[in-house]
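J.: Predicted model follows, preceded by the sequence.
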Amino acid sequence: MKKILSVPLLCFVAVCRSFASDVADGAAITDSADSVADVSDVSDDDDGYFDVGEDLFGVTFVGAPETTGQTAVIDRETIEKSTARDLATLLEEELNMSVVRYGGYGNRASLKLRGFDTSRIAILVDGVPANSQRTGGFDANQIDLNNVERVEVTYGGSDTRYNVSGSLGGVVNIVTIKNQEPGLSVGIVFSNTGYMPGRYNTRHSGGETGGPDFGDVFDMQSLSVFAAKGAGGFSWRASGFANVAGNHYLYEDDFGFARRKISNEVVDGGGNLKLVFAMPEDASLLFDAKAYYARKKFPITMNSVGNALATDLVLAGNVSLAAPVAFRDDLATEASLGYRAGFGNYGVLSSTGDRHVTAINRWSWYLSDRLTVLTGADWSFLHVGTDSPVELRPVKIGNRGGIYLTGEYRVLENLLVTGSLKGVTDTASTVAVPKAGLSWRVGDSVTLKNNYFRSFKFPDFDDLYYRSPDNTAVGNPNLRPEDGWGTDVVGEFSFGGNVSLVASVFAQQTSDSIHWTKSSGGRWSPENIGRAYFAGADLRPTFAVKAKPGRGNFPSIKIGPSYQFLYTRLLPDGNHPEASRRIPYSPVHVIGGTVDVGWKTGSLLLSGQYESPSYADAGNSLYVDSSFVANATVNQNAGKHAVLFASLRNIFNARYESFSAYPMPGVTMTVGVWVNVRVGSGGGE
């Protein structure tokens, strides 16, 4: 029987036990985890360095590699080909995910999965929740895609791998790069993004005319650098990034005049340091530290020259332990303890200093080849600080957590059944959240999946307690949690290796749906409006022709169209069905796809997405027109260590709004270079 008896592990376990004891004694801990990360199993190889293991569904080793949910993975090669400058753009172009944007770079972007927004999607970084515990949102600009190994998406609320609370619409897991090759590697990515210059009106009334301003061709510069080394039992990676964006693009205002966006400039950047230590019995220990700073201007109105200045500073750190063999051969564990501090200012009236502490522990017990039992617990503490004399008084802390038990049983060699029960609490109430699913491989070409799950989410902290300095937006401490159920059926088909298809149908219902609404007196406040209904279908075929060996520059071609149908209804409490409305920013039809053409020294990636009209408010009084956006990216090797790239986004210069009254940029060009150089190889060089 193998055992882990090392002093570092025992010290870490002692810390976790002490932390749990503090929680039991009343210390407040709630789920934030903006920066915690898990480490997978580490194995010693014959080449003198260790690898942080990679499986299909995350860096954690807990659970079987098979899942009963609909999934999609964007790998490292695709991330590099896309040249996307942020996570939202990557998901939008590669998976045709709906994204609600508030303008150009640095502005808020909300993801949409099966009709649910970011606050109802579990965003994970290396398997650990990263949604803000205050707002439920997630700032995708803090993710440097040059540090991302892959992005995994699980659709719907059926996930039992991470068992994250509040994941009504699905899970997006961002897996960062940890696996370092022997020797020292250094890299740099630099790009310039520009907008189409042209003449514009300086006033919406059609007064003075300005431009064209050719400086808009050099509107944004982005720089990302890294250095990494893998040797012996120790690996490290240090990286940093910076962006300077003017967001000076042309748009059409409500009066039909061409305008130039101003007062929306952004400067941001960050750094990350990872240290990974190999431990006895293939265990590993990760230390991870992050920093992010942003200085953003927001126009007071879309056509205003005045602006409000916002600054954000985020400091985060965590320590994670992964032990694929813990005390006995068939038992594995992983644990993570993280801290995050965020300091923000908006204008001169509001400043905050929020602090999150998060602890997670997962166990996996492999009882037999057929049965795996998973269990785990998570708890987090949120403290909200503010200089506002009225905001969040007297409530400034929050606690949330949960514990789960999951069984994965292979009834037959080709039939997997899963069942899970998680108890979640906010210290005021405790709720049981069950899930069940199956995966049946019908021959070599067909897999059928079916899931049933309860969907439950506590209100976000700001939904309960927020109060704006001018008292025009006020939280509602009487909100009830969103609670409902869901089911889906997924089919995965493969035909001859060159043609595949993923198709799903789903239905979900949520009671006490929470939406911010404006009262007759002009005050915004969240309310439990009523029941929300979601039903739809997702169709994703793939056609691939691979290049044959010895055929020179004969290209490989991959075509991936997609169609998503979504029917939504929001039925206010006490009203008849005819009073129902469509849920905001939920288009009925999303049609898109990608074409990836690769040759020996480069690639061409084409993507496009059409979204049908939708509504911008719960009352369905504001309208968002349909849109179609097409993009193209070319990559070309320039020697052994460099790649040149160029991309055109919104090729047809479509004029559209993603979020009501916030026009999006027209045609955009990005050109840049990626350089990666390895200095030496082998342990210790």
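T.: Yep, that arrived.
J.: mind showing which ranges of the chain have poor pLDDT?
T.: 1-66, 204-207, 302-304, 347-350, 387-393, 548-554, 574-578, 681-685 (pLDDT under 70).
J.: Break down it into its helices, ranges please.
T.: Shown for the chain, the helices assigned by DSSP state H span residues 7-24, 76-82, 87-95, 461-465.
J.: Restricting to C-alpha, output stretch 503-520 in PDB.
T.: Provided in PDB are the C-alpha atoms of stretch 503-520 (Å, rounded to 0.1, in the frame of the first residue of the first chain):
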ATOM      1  CA  ALA A 503     -26.900  17.100 -31.200                       C
ATOM      2  CA  SER A 504     -28.900  17.900 -28.100                       C
ATOM      3  CA  VAL A 505     -32.300  18.900 -27.000                       C
ATOM      4  CA  PHE A 506     -33.000  20.400 -23.500                       C
ATOM      5  CA  ALA A 507     -35.600  21.900 -21.300                       C
ATOM      6  CA  GLN A 508     -35.200  23.800 -18.100                       C
ATOM      7  CA  GLN A 509     -37.500  25.700 -15.700                       C
ATOM      8  CA  THR A 510     -36.600  28.100 -12.900                       C
ATOM      9  CA  SER A 511     -38.900  29.600 -10.300                       C
ATOM     10  CA  ASP A 512     -38.400  33.000  -8.700                       C
ATOM     11  CA  SER A 513     -36.300  34.200 -11.600                       C
ATOM     12  CA  ILE A 514     -34.400  37.300 -10.500                       C
ATOM     13  CA  HIS A 515     -34.200  40.400 -12.800                       C
ATOM     14  CA  TRP A 516     -33.300  44.100 -12.100                       C
ATOM     15  CA  THR A 517     -36.300  46.200 -13.000                       C
ATOM     16  CA  LYS A 518     -37.000  50.000 -12.900                       C
ATOM     17  CA  SER A 519     -39.900  51.200 -10.700                       C
ATOM     18  CA  SER A 520     -42.300  54.000 -11.600                       C
END
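J.: ok, how many other residues are close to A323?
T.: Here the neighbour count serves as a burial measure; for A323 (other Cβ atoms under 10 Å) it reads 28. For every residue, glycine as well, the C-beta is placed using N, CA and C.
J.: thought it was touching D329?
T.: No - because the distance of 11.9 Å does not satisfy Cβ atoms under 8 Å, A323 is recorded as not touching D329.
J.: List the contacts of D354.
T.: Each residue near D354 by Cβ atoms under 8 Å, 6 or more residues apart in numbering is listed here: R134, A341, G342, F343, L382, H383, V384, G385.
J.: Between those, which sits nearest Y404?
T.: Among the contacts of D354, L382 lies closest to Y404 (Cβ to Cβ), at 21.0 Å.
J.: Around S429, how many other residues sit close by?
T.: S429 is flanked by 9 other residues according to other Cβ under 10 Å.
J.: what's the answer for G639, then?
T.: The number of residues near G639, taken as other Cβ under 10 Å, comes to 8.
J.: roughly how far apart are it and W674?
T.: If you measure G639 against W674 using Cβ to Cβ, to the nearest Å, the figure is 12 Å.
J.: circling back to that earlier point, need the max-distance pair from the contacts of D354.
T.: F343 and L382 (14.6 Å).
J.: okay, these two: which has more neighbours?
T.: Residue environment comparison for F343 versus L382 gives the larger neighbour count to L382, 24 against 16, counting by other Cβ under 10 Å.
J.: That one reaches G353, doesn't it?
T.: No - with contact defined as Cβ under 8 Å, L382 and G353 do not form a contacting pair (12.0 Å).
J.: Show me what the nearest residue to L95 once chain neighbours are set aside bridges to in the sheet.
T.: Closest residue to L95 in three dimensions, ignoring its sequence neighbours and counting by Cβ to Cβ, 6 or more residues apart in numbering: A72, at 5.5 Å. Note on A72: beta-bridge partners V153, judged by DSSP bridges.
J.: isn't A72 right up against M97?
T.: No - in this structure, A72 sits apart from M97 without contact. The criterion is Cβ under 8 Å, and the distance is 9.3 Å.
J.: what is in contact with the two at once?
T.: For the pair A72 and M97, residues contacting each of them under the criterion Cβ under 8 Å, 6+ apart are V153.
J.: quick one, which of these two is more surrounded?
T.: M97 (23 against 17).
J.: buried sites along the longest strand that the chain contains?
T.: Longest strand in the chain by number of residues, with DSSP state E as the criterion: strand 524-545. Within strand 524-545, the residues that qualify as buried are 525-536, 538, 540-542, counting by 16 or more other Cβ atoms under 10 Å.
J.: What is the nearest of those residues to Y195?
T.: The closest of those, once distances to Y195 are taken by Cβ to Cβ, is R540, at 32.2 Å.
J.: who's in contact with the closest one?
T.: Counted by Cβ under 8 Å, 6+ apart, R540 has contacts A72, L501, V502, A503, G560, P561, S562.
J.: Please list only the buried members of those.
T.: So, by 16+ other Cβ under 10 Å, the buried ones in the contacts of R540 are A72, V502, A503, G560, P561, S562.
J.: among these, which are in strands?
T.: For the buried ones among the contacts of R540, secondary structure assignment (DSSP E) places A72, V502, A503, G560, P561, S562 in strands.
J.: mind checking how far the closest residue to A532 other than its chain neighbours is from S494?
T.: Of all residues beyond its chain neighbours, the one nearest A532 is S513 (3.9 Å), with distances taken as Cβ to Cβ, 6+ apart. Here the distance between S513 and S494 works out to 38 Å (Cβ to Cβ).
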